[in-house]
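Peer 1: fold the following and give me the result.
(one chain, ligands or ions: 2)
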Amino acid sequence: MVTKTVERITIIGSGNWGSAIAKIIGNNVLDHPDTFERTVRMWVFQEQYNGENLTDIINREHENVKYLPGIKLPENVYAEPDLLKACENSNILVFVLPHQFIQGVCQKLHGVVSSNCKAISLIKGLDISEQGISLISEDISQQLGINCAVLSGANIANEVAQEKFCETTIGATSPADGEFFYKMFHTPYFRVNVVQDKVGVELCGALKNVVAVAAGLVDGLALGDNTKAAIIRRGLLEMRKFGQTFFKGVQNETFFESCGVADLITTCSGGRNRKVAAAFVTSGKPIDQLEAELLNGQKLQGTSTAQEVNEFLTARNMTQGFPLFTTVYRIIYEGEPCTKIVQDV
Ligand SMILES: NC(=O)C1=CN([C@@H]2O[C@H](COP(=O)(O)OP(=O)(O)OC[C@H]3O[C@@H](n4cnc5c(N)ncnc54)[C@H](O)[C@@H]3O)[C@@H](O)[C@H]2O)C=CC1
Ligand SMILES: O=C(CO)COP(=O)(O)O
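Peer 2: Ligands and ions are numbered 1, 2, ... in the order given. Okay, the predicted model is just below:
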């Protein structure tokens, strides 16, 4: 008798979103014992919390008391501090860590991961410099020699963890992979829609964070909802222009998915980028200091993405074509007055 092998999942990342996703996957695998191994390992970047290893607390209390406090994780989610051990013999890798850390993780996993592994990236960022731009899912594929789908949507982690109804988008070029990851992530309160425009989905997730910073600047200046809506609309247009200028095949329809307009709405209302950008206006403090003061170890993504996008556009003398992205960068990093957010775009 041929026994069907079950898929072993490792979640690489355990922050605010990583922990919320661990809850979804940990519960979903229990509903599909014929497809998935019961234990879901979660790689945790080890740190001390009240003098104790965070991994020990998570495995004892089944709660990520630092990054998702108050939410119980399924008992089949196991926190592992050693990256290679966490990924050992896994054939499904879920990448969900702040984008600035992915290169280091891929270097450690290079040559270790089996070629029959599937991966999906939930990271909202880009690998971008003046030399060029690549999607993080492409970096993962290229460095680890495996296919990598993406998931991105209107998914503020704390609300998802409280099982408040929301949607998300999976971008997978292979229908079979799309179906597989649908099963792994979909729940009645976390409604998955699968599209084939993987590039568009990933770009939306990364670039919306820059628009969220712009929205936060508007809020900090108390310019009101009409102004915020105008900035969000202009940001959506720049997101589409950036995608369709520098990548092939980005579909207009993708911007109407959860990963597009919906994620813009939620992030520009309740996200961390918005919150910290508003404080940047009202406090006058540097953005890094505000990140440390306001986010308790969680990481901003929109400001670094604005910096990376500006470096890329400047190298091509194309900043004028993206006034909102450029103005966000100049306000945050070059000391331009915050009021420029409604003057220069
Ligand atoms: N928090 C949210 O509401 C959502 C976040 N996302 C995206 O998911 C990705 C992960 O974000 P979060 O899970 O919220 O992380 P986070 O913003 O909570 O960041 C903290 C995480 O970074 C880890 N970390 C710190 N230093 C590290 C290092 N040197 N190497 C490796 N890891 C390190 C910490 O251990 C912790 O797991 C980001 O790209 C974010 O944009 C997507 C949807 C929602
Ligand atoms: O991506 C998110 C919501 O979909 C979270 O956005 P922030 O990182 O701005 O909190």
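Peer 1: quick one: name the residues of the stretch 201-345 of the chain near ligand 2.
Peer 2: 209, 212, 263, 266, 267, 271, 272, 273, 301 (Cβ under 6 Å from any ligand atom). For glycine as for every other residue, the C-beta is placed from the backbone atoms N, C-alpha and C.
Peer 1: contacting residues for residue 116?
Peer 2: residue 91 (Cβ atoms under 8 Å, 6 or more residues apart in numbering).
Peer 1: swap in residue 190?
Peer 2: Contact partners of residue 190, counting by Cβ under 8 Å, 6+ apart, are 24, 155, 160, 166, 167, 168.
Peer 1: ok, what's across the strand from the fourth one?
Peer 2: Listed by DSSP bridges, the beta-bridge partners for residue 166 are residue 190.
Peer 1: now for it: which residues touch it?
Peer 2: So residue 166 contacts 153, 154, 155, 159, 160, 189, 190, 191, 258 (Cβ under 8 Å, 6+ apart).
Peer 1: now residue 34, what's its secondary structure?
Peer 2: coil (DSSP: H, G, I helix; E, B strand; the rest coil).
Peer 1: can you pull out the low-pLDDT segments for this structure?
Peer 2: Applying pLDDT under 70 to the chain flags residues 1-4.
Peer 1: please name the nearest non-neighbouring residue to the residue of the stretch 201-345 of the chain found nearest ligand 2.
Peer 2: Ligand 2 sits closest to residue 271 of the stretch 201-345 of the chain, with a gap of 2.7 Å, by Cβ to the nearest ligand atom. Spatially, and ignoring its direct neighbours in sequence, residue 271 is nearest to residue 212 (5.1 Å; Cβ to Cβ, 6 or more residues apart in numbering).
Peer 1: swap in residue 6?
Peer 2: residue 37 (4.9 Å).
Peer 1: contacting residues for the one you found?
Peer 2: 6, 7, 8, 9, 29.
Peer 1: could you dump those residues to JSON lines with secondary structure, neighbour count and distance to residue 78?
Peer 2: Below are the contacts of residue 37 laid out as JSON lines (DSSP: H, G, I helix; E, B strand; the rest coil; neighbours: other Cβ atoms under 10 Å; distance: Cβ to Cβ, whole Å):
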{"residue": "6", "secondary structure": "coil", "neighbour count": "15", "distance to residue 78": "16"}
{"residue": "7", "secondary structure": "strand", "neighbour count": "17", "distance to residue 78": "16"}
{"residue": "8", "secondary structure": "coil", "neighbour count": "20", "distance to residue 78": "12"}
{"residue": "9", "secondary structure": "strand", "neighbour count": "24", "distance to residue 78": "11"}
{"residue": "29", "secondary structure": "helix", "neighbour count": "25", "distance to residue 78": "12"}
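Peer 1: for the stretch 151-300 of the chain, which residues are neighbours of ligand 1?
Peer 2: So far as Cβ under 6 Å from any ligand atom goes, the stretch 151-300 of the chain lies against ligand 1 at 155, 156, 157, 297, 298, 299.
Peer 1: surely residue 151 is within a strand?
Peer 2: Yes - assessed with three-state DSSP, residue 151 lies in a strand.
Peer 1: tell me the secondary structure of residue 115, please.
Peer 2: coil.
Peer 1: find the nearest non-adjacent residue to it, please.
Peer 2: Using Cβ to Cβ, 6+ apart and skipping residues adjacent in sequence, the residue nearest residue 115 is residue 145, 5.4 Å away.
Peer 1: and the stretch 1-150 of the chain, which residues reach ligand 1?
Peer 2: So the stretch 1-150 of the chain meets ligand 1 at 13-18, 45, 67, 96-99, 101, 122-125 (Cβ under 6 Å from any ligand atom).
Peer 1: sitting in helices, which of the residues you listed do you find?
Peer 2: Among these, DSSP state H puts 16, 17, 18 in helices.
Peer 1: tell me how far residue 229 lies from residue 236.
Peer 2: 11 Å (Cβ to Cβ, to the nearest Å).
Peer 1: quick one, domains of the protein?
Peer 2: Annotated domains of the chain cover 9-196, 207-343 [automatic domain parsing].
Peer 1: now do the helices in the stretch 151-300 of the chain.
Peer 2: 157-161, 175-185, 198-220, 225-246, 263-270, 272-283, 287-295 (DSSP state H, counting those that start in this stretch).
Peer 1: please identify the most buried of these.
Peer 2: Scoring these by mean neighbour count under mean count of other Cβ atoms under 10 Å gives helix 198-220 as the most buried, with a mean of 28.
Peer 1: okay, it in PDB with CA atoms only?
Peer 2: Taking Å, rounded to 0.1, in the frame of the first residue of the first chain, the C-alpha atoms of helix 198-220 are listed here in PDB:
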ATOM      1  CA  LYS A 198       1.900  36.900  -8.200                       C
ATOM      2  CA  VAL A 199       4.000  39.900  -9.100                       C
ATOM      3  CA  GLY A 200       1.100  42.300  -8.700                       C
ATOM      4  CA  VAL A 201       0.100  40.800  -5.400                       C
ATOM      5  CA  GLU A 202       3.600  41.200  -4.000                       C
ATOM      6  CA  LEU A 203       4.100  44.700  -5.300                       C
ATOM      7  CA  CYS A 204       0.800  45.900  -3.700                       C
ATOM      8  CA  GLY A 205       1.900  44.600  -0.300                       C
ATOM      9  CA  ALA A 206       5.200  46.300  -0.400                       C
ATOM     10  CA  LEU A 207       4.200  49.700  -2.000                       C
ATOM     11  CA  LYS A 208       1.100  50.200   0.000                       C
ATOM     12  CA  ASN A 209       3.300  50.700   3.100                       C
ATOM     13  CA  VAL A 210       4.800  53.800   1.500                       C
ATOM     14  CA  VAL A 211       1.300  55.200   0.900                       C
ATOM     15  CA  ALA A 212       0.500  54.400   4.500                       C
ATOM     16  CA  VAL A 213       3.300  56.600   5.600                       C
ATOM     17  CA  ALA A 214       1.900  59.400   3.400                       C
ATOM     18  CA  ALA A 215      -1.500  58.800   5.000                       C
ATOM     19  CA  GLY A 216       0.000  59.100   8.500                       C
ATOM     20  CA  LEU A 217       1.700  62.400   7.600                       C
ATOM     21  CA  VAL A 218      -1.800  63.700   6.500                       C
ATOM     22  CA  ASP A 219      -3.200  62.500   9.800                       C
ATOM     23  CA  GLY A 220      -0.400  64.100  11.800                       C
END
